[in-house]
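Colleague: need a structure here:
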Amino acid sequence: MKPFMMPGHFSNTPLVLVFLAVAGLELYGTAIGTWRWAAVVPGLDLPDGNPPCGAASGYVLFDIAAMALAPLIVAAFRRRDVPAAQLVD
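Modeller: Prediction:
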């Protein structure tokens, strides 16, 4: 079994868990009346779910982007030879 966070290894498990967690929170928040989504998408006049599945999918896309960009950002800093202590200041 390969660890999902090791370089060169990837598993969909964290993305599935993020989707389920966000979807669960969206459904729970809507059910108890914490928030309410519009019945129609503003400006498009298309019917919208309550909560829309795009909310959970959006968080998964953010995570995919972060996992794809993080190695590039770290490599860019390493090429500049910036000590880690300077990044904190």
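
Colleague: specify the local secondary structure of the one residue sitting closest to the centre of the chain.
Modeller: Nearest residue to the geometric centre of the chain (Cα atoms, centre = their mean): residue 59, 2.8 Å. When classified by DSSP: H, G, I helix; E, B strand; the rest coil, residue 59 comes out as helix.

Colleague: in stretch 19-34, what's buried?
Modeller: Using 16 or more other Cβ atoms under 10 Å as the test for burial, stretch 19-34 gives 19, 22-23, 26. (Each C-beta comes from the backbone N, C-alpha and C, glycine too.)

Colleague: where is pLDDT lowest across those?
Modeller: When these are compared by pLDDT, residue 26 scores lowest at 85.

Colleague: shouldn't that residue be in contact with residue 58?
Modeller: No - contact between residue 26 and residue 58 fails when scored by Cβ atoms under 8 Å: they sit 10.7 Å apart.
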